[in-house]
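Enquirer: what follows is a predicted structure for the sequence shown.
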Protein chains: 4
Amino acid sequence: MDNIFKNIIKNNIEYAKHGNVATYIPELAKANPCDLGVYVVTLDKQEYFAGDYDKKFTMQSISKVLTLILSLMDNGENKVFEKVGMEPTGDSFNSIVDLELKNIHKPFNPMINAGAIATTSLLAGESVDDKTERILNLARKLSDNPDIKINKDVYLSEKLTGDRNRSIAYFMKSFNVIEGSVEDILDVYFKQCSIEVTCRDIANIGCILANDGVSIKTGESIVPKHICRITKTIMSTCGLYDASGEFAVHIGIPAKSGVGGGIMAAVPKKMGIGVYGPALDEKGNSIAGIQILRELSEKLDLDIY
Amino acid sequence: MDNIFKNIIKNNIEYAKHGNVATYIPELAKANPCDLGVYVVTLDKQEYFAGDYDKKFTMQSISKVLTLILSLMDNGENKVFEKVGMEPTGDSFNSIVDLELKNIHKPFNPMINAGAIATTSLLAGESVDDKTERILNLARKLSDNPDIKINKDVYLSEKLTGDRNRSIAYFMKSFNVIEGSVEDILDVYFKQCSIEVTCRDIANIGCILANDGVSIKTGESIVPKHICRITKTIMSTCGLYDASGEFAVHIGIPAKSGVGGGIMAAVPKKMGIGVYGPALDEKGNSIAGIQILRELSEKLDLDIY
Amino acid sequence: MDNIFKNIIKNNIEYAKHGNVATYIPELAKANPCDLGVYVVTLDKQEYFAGDYDKKFTMQSISKVLTLILSLMDNGENKVFEKVGMEPTGDSFNSIVDLELKNIHKPFNPMINAGAIATTSLLAGESVDDKTERILNLARKLSDNPDIKINKDVYLSEKLTGDRNRSIAYFMKSFNVIEGSVEDILDVYFKQCSIEVTCRDIANIGCILANDGVSIKTGESIVPKHICRITKTIMSTCGLYDASGEFAVHIGIPAKSGVGGGIMAAVPKKMGIGVYGPALDEKGNSIAGIQILRELSEKLDLDIY
Amino acid sequence: MDNIFKNIIKNNIEYAKHGNVATYIPELAKANPCDLGVYVVTLDKQEYFAGDYDKKFTMQSISKVLTLILSLMDNGENKVFEKVGMEPTGDSFNSIVDLELKNIHKPFNPMINAGAIATTSLLAGESVDDKTERILNLARKLSDNPDIKINKDVYLSEKLTGDRNRSIAYFMKSFNVIEGSVEDILDVYFKQCSIEVTCRDIANIGCILANDGVSIKTGESIVPKHICRITKTIMSTCGLYDASGEFAVHIGIPAKSGVGGGIMAAVPKKMGIGVYGPALDEKGNSIAGIQILRELSEKLDLDIY
């Protein structure tokens, strides 16, 4: 394992040259496309890391995993999946087409924007601040990092440019998929996207998912086992936008990516992995990050299928 | 002609039983489904009318004609059709699918909601009130009725339930089809939909369109001829939602309907016609109103094709 | 009029440089992109022509007009429109999407491929040869040209490359929109597309449509008036593929184009026009041919709206 | 385990009442909706069975797994996935929409009809008979049953009613996704759908997939390990039509269903499972068969996520 980590950055940094950082909000465009880091936490408490493993980046779509978990804990499986489906879709993350074309107007799954806005709308909490704090607390507990907070610049940038998400949210509201103030729901949504983490943080979160919700440090059960299983399954089928199928075939690990450049992976019964590389491929996934996961999957035989 | 009008309500009132009043906003649901009226103003200054020709109703989508005219007068043909197309579409008035699926994200035509929101966004004026007043003034001038005003209850009802339109507007904003405050643009849009008219008012408007923009009373040119022609053409191909093709085949007159139950027709070089019947067919058009226009078209040989 | 025709080719030949001949079948690719011709036949029996007015080209989609007329004469309005709609669509001529997405699986209108295959399937006749001969006879009678025949090379080329049309036809067969042998129906369809005409031929056909079905030479009624009206209406709303709306706005004449480079126009109560220019624009319409029609419409005030 | 099998039919037969047998071809409609059987073969050579485990049924879509395996063995991963994708899609198995709407016209994955027709077209073999024999041989070898053959009545029925598949195939041919004779390709396709098996047969096939391609009886490697892995992954994400996501969440086993009522499952490193119950749910999956798999997954902890 140490041998693998000695060369893992060097082996894969080349791929970053073929990707581009996200530019749809100015804050993300500031990222250094050559950054690349990885962190592994195994269920038997080993930790391995390399490269820019301690650089901060925003969760972006990785936060959809937290929202799914929290809304399941708050509402139960039935209520959540009444509002959002669990089917993968070949369409891109911000598609609105399916919402109109299908007779059922609920989003396909909780990993596309529409679905995550729907799960966000279901979170318990009196106010935007209240709900945001609850997500942050879950992030802090799962990552064992009490200092996790929101990147305000990214949040404001998201809010300013979020018209496509507003369109999606108002569409769902018109069909009663979501209720209440669209701007409030989106405010929580934009904030959770802007939660700032490192590879280590998301490796820790992934590790708890891999361990059926139980902290390897304290033994505390933070997330019920069946919610962990649902979450890992949906990560497996829908976690990498419209490249989820290809990722499953080539790498075969439950994972969720974000346009901030992070990918969080949870290898059942084995380990959590966090990678960071802000140069993205055409589908919006970290181009070198995927290659690191591919190398790890092959060398450590992590494929679940 | 007098003979026709003696029986025209009686001949067609039966059809109203097969339709339903619009219910998506409570105010519209209050309409009496048995109301039916018609008003004709010919270019040689004859007027014919029957039934509930002086009942008030809100323009709804008929106002899209006014917005198209005013935005063309304000911006010229090129600028308007840079933002909105002129192609008919078989999709329903509130579809958002086409905006996403086609590479060009501009709305198909100015007679669907997306297109009318786009033309509204182009209106000259400093403020919501300013723009609304300019549309109202155009309506008053074209209808020769200085008392035309907005029905506040309908407007507030529209505003309250307008989430589908918000979705469409934010979608277009995210692609820079529209600029500025979405809520402000929609405020103007909801207000123009709520302009209250009678059959006589819209017959007068139709008459001026039929007369290439010139008032038959004063001889004043209110709308440039080429803008009248564009407007009548788009009414012909797109004026009755996804029943436009059928209306053209069976009746063959430039016309625009609204879910308030009105239909405004402009028979080139002949007459303007206003009908009102709030019982709608499945496509959202006045079910008995269409039959009145069919009878007039057949008996007076009004078909332009 | 003579003055107009003196310069009409010179005025518009320039546009041909911005277009391209159809290349989807090798035979069409052989056309000379600089060819340009026009022929006008007025209801008062005047004839005007210029350029390559006597060059032969294949009707292609212009034949959809003949099939619509013949299937209406064979089956009546009700039966035909039970199988094919009359709504324009913003989608391209060979789209299959609408057939699946809409609940009603019938084609939008008889001017797209799906619709024309459906009307072809309704033609009376015992065999492929029989049906083809009936269309040819209609073409010969309407054009007053007994020598009209099929271009065999084009027909064979069409047949060889017609897989997209086979896909459309089998789709409709699976929903019982068409019945019988798909290959037989397509054989008739490919043959009618390959009918060879000149500008004069299609100007004569357009003239009869303009004259409500009556031959200006013999006074014989060849096509019932109401079928002429339906046909001209559908040409107006659907005749130039997904540029039909724009053509209506700018030119305002019932017309039908074909990828062979021809456009047949029928100006109600005035004249038939045939133009030929195989250089096509992006939508598949003769690029210089449209400009000739635009010049004629403006100078002769032909716009019907 | 024996305890589980004692009651497994009784526990789940009730669900069959809520489903219906497939009726799109008459032969399938003859099935007895109350039939229900299950067969398990573990990697340590234990066998368990109950109910109608030895009733014959046709593979239908389960054969898509064989075609994928054989085309991968014949052509390699690169060539196959150049023609067909590996992304799940929320659309139904016979959708043609995605083929047109997406810029890349290749099918989403090999488990929908379009994708399986494409993999079929890639099979090595000189003739229809040759290719069919190669699939049959693979089926016989994997199932350890040399008597497997095609049900001719079902095959002829499929061929007669296969117009939707013809439409899909011609569409792909027009975009060069498939080459050669469409009827020949479909002939192979219809034949493989009509391969007749029992629960035991497909349990044996599943067992070899679960064992990375190696026969538990002879130790022979029949399918390369990496092809087994690809196949199980695509079964996991796309194996149950547009209920694949839900099946993954609730049951979490690589599996493939067919409208004949069979489901073949391959639990990595553990066992193969075959179930048969011709009463289908709305998505086309065996309604009681799914419940049997759910019970087995829960009681034996088979979920891979």
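Expert: Everything's here; your move.
Enquirer: from here on, contacts and neighbour counts on C-alpha atoms
Expert: Noted.
Enquirer: what is the helix or strand encompassing residue A:186 packed up against?
Expert: Residue A:186 belongs to helix A:182-193 when assigned by DSSP states H and E. Contacts defined by 3 or more Cα pairs under 8 Å, 6 or more residues apart in numbering or on different chains; DSSP states H and E place helix A:182-193 against helix A:113-121, helix A:128-143, helix A:152-160, helix A:163-174.
Enquirer: ok, 10 Å please
Expert: helix A:63-83, helix A:113-121, helix A:128-143, helix A:152-160, helix A:163-174 (3 or more Cα pairs under 10 Å, 6 or more residues apart in numbering or on different chains; DSSP states H and E).
Enquirer: which residues are in contact with the closest residue to residue A:118 other than its chain neighbours?
Expert: Nearest non-adjacent residue to residue A:118, counting by Cα to Cα, 6 or more residues apart in numbering or on different chains: residue A:178, 6.0 Å away. Shown in contact with residue A:178 (Cα atoms under 10 Å, 6 or more residues apart in numbering or on different chains): A:83, A:106, A:117-122, A:169-172, A:185.
Enquirer: which stretches of the stretch 1-150 of chain A have low pLDDT?
Expert: A:90-104 (pLDDT under 70).
Enquirer: and with 80 instead?
Expert: A:89-105 (pLDDT under 80).
Enquirer: same check, this time on the stretch 201-305 of chain A
Expert: Using pLDDT under 80, the stretch 201-305 of chain A has no residue that qualifies.
Enquirer: in it, which residue sits closest to chain C?
Expert: residue A:242 (21.1 Å; Cα to the nearest Cα).
Enquirer: make sure that residue is indeed in a strand.
Expert: No: using DSSP: H, G, I helix; E, B strand; the rest coil, the assignment for residue A:242 is helix, not a strand.
Enquirer: tell me the pLDDT at the residue nearest to residue A:118?
Expert: Per-residue pLDDT puts residue A:178 at 96.
Enquirer: measure it to residue D:164 for me?
Expert: 37 Å (Cα to Cα, to the nearest Å).
Enquirer: do the same with residue A:5
Expert: 52 Å.
Enquirer: between those two, point out the one with more neighbours.
Expert: residue D:164 (21 against 18; other Cα atoms under 10 Å in any protein chain shown).
Enquirer: which residues touch the closest residue to residue A:251 other than its chain neighbours?
Expert: Residue nearest to residue A:251 in three dimensions, not counting chain neighbours: residue A:294, with 5.3 Å by Cα to Cα, 6+ apart. Residues near residue A:294 by Cα under 10 Å, 6+ apart: A:247, A:250-253, A:288, A:300, A:302-303.
Enquirer: residue A:294 in helix, strand or coil?
Expert: Strictly by three-state DSSP, residue A:294 counts as helix.
Enquirer: just name the most buried of the helices and strands packed on helix A:182-193.
Expert: helix A:113-121 (a mean of 27; mean count of other Cα atoms under 10 Å in any protein chain shown).
Enquirer: so chain A: which segments form each domain?
Expert: A:2-58+A:197-300, A:61-193 (automatic domain parsing).
Enquirer: mean neighbour count, the ones you listed: which tops it?
Expert: For these, the highest mean count by mean count of other Cα under 10 Å goes to domain A:2-58+A:197-300, at a mean of 22.
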